[in-house]
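Chemist: Just to be clear, the model below is a prediction. Sequence and coordinates:
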Amino acid sequence: MSYVSPPEFVTKMIDAGESKIFMSTRDTVIRAYMAGAILALAAAFAVSVTVETGVPLIGALLFPVGFCLLYLLGFDLLTGVFTLAPLAWLDKRPGVKISGVLRNWCLVFLGNFAGALTVAVLMSIIVTYAFTVDPNAIGQKLGSIGESRTVGYAEHGAAGMLTLFVRGVLCNWMVSTGVVAAMMSRSVSGKVIGMWMPILVFFYMGFEHSVVNMYLFPSGLMLGGDFSIADYLIWNEIPTVVGNLVGGVVFVGLALYATHGRTKAPRKIQQAPAETPAPVG
């Protein structure tokens, strides 16, 4: 599968982060919009499969198809640029400033949200016959997800907020591992296999992904979920974004850069002295 060694793919991570920082506003927004839309469709697909089969594992097994597609098409998720963009600044690439990193994050956030919201509207039309009937079983499930993962956290106060944050951290630990895993191979099949495994883990475990939530929660609001926009922002999206940032930067980007990203002088191995020949006679 044309395996790429860690020092090589960490260099590719830094190069990717640099290219994203210097990308034009137009291209950044288009790629982020398409990534948000494709991931939202994958989430809708996974929820549909789960509702129709009653087996959440099947939905989780199939969800990574969206992530693989958007990555292979060269589109950008907020969770990925959280990990890659800071490495170019940390590596002191020429012209890379922290303001450029923040600009990239903001543009990708807006593009992802616009794409996910577009799919939320379109899917809500489908499951309600253009809002003329009550939501079908899939629509009802989307509404219940929004309630349980906003007011459900709020009921536990600070403990709920901490739980939400940790789920966000663990999510992007896995998702960014998927981004990196795609760089470990030069073949399409190797990239897909590498991405599939950690994305399956995050989705089945119910970790919080900021871009997936940009689809799930607006959908829930449109489909009768008993929570508010403030609930969504305070008790999900904002803490999830912060958790995703910490998970991607600390547990993937910095960890790999610290051990594989810098050239280290080889240690000198002290050779044992040659044995003195035994006297003859």
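Modeler: Arrived safely, thanks for sending. Fair warning: this is a prediction, and the values are worked out from it, not measured in the lab. Residues are numbered from 1 along each chain as shown.
Chemist: what's near enough to touch M23?
Modeler: Shown in contact with M23 (Cβ atoms under 8 Å, 6 or more residues apart in numbering): R31, N104. In short, each C-beta sits where N, CA and C put it, glycine included.
Chemist: list the helices and strands the longest helix anywhere in the chain packs on?
Modeler: The longest helix of the chain (DSSP state H) is helix 98-128. Judged by 3 or more Cβ pairs under 8 Å, 6 or more residues apart in numbering; DSSP states H and E, the packing partners of helix 98-128 are helix 6-21, helix 25-53, helix 78-90, helix 137-148, helix 210-222.
Chemist: would you list these in CSV and tack on distance to A159, mean neighbour count and mean pLDDT?
Modeler: As requested, the helices and strands packed on helix 98-128 are arranged in CSV below (distance: least, Cβ to Cβ, whole Å; neighbours: other Cβ atoms under 10 Å; pLDDT from 0 to 100):
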stretch, distance to A159, mean neighbour count, mean pLDDT
helix 6-21, 35, 19, 96
helix 25-53, 27, 20, 98
helix 78-90, 25, 27, 98
helix 137-148, 16, 20, 91
helix 210-222, 20, 26, 96
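Chemist: Of all the ones you listed, which one is nearest F67?
Modeler: helix 25-53 (6.6 Å; Cβ to Cβ).
Chemist: for the closest one, packing partners?
Modeler: Under the contact criterion of 3+ Cβ pairs under 8 Å, 6+ apart, the helices and strands touching helix 25-53 comprise helix 56-62, helix 64-72, helix 98-128, helix 137-148, helix 210-222.
Chemist: Quick one: residues in contact with the helix or strand of the chain with the lowest mean pLDDT.
Modeler: Within the chain, no helix or strand scores below helix 137-148, which has a mean of 91 by mean pLDDT, DSSP states H and E. Helix 137-148 has contacts (Cβ under 8 Å, 6+ apart) with 44, 47-48, 50-51, 124, 127-128, 135, 216-217, 219-221, 223-227, 232.
Chemist: For W105, see how far away the residue nearest to D91 when sequence neighbours are not counted is.
Modeler: In space, and not counting its chain neighbours, D91 is closest to I14: 5.0 Å by Cβ to Cβ, 6 or more residues apart in numbering. According to Cβ to Cβ, to the nearest Å, I14 and W105 sit 17 Å apart.
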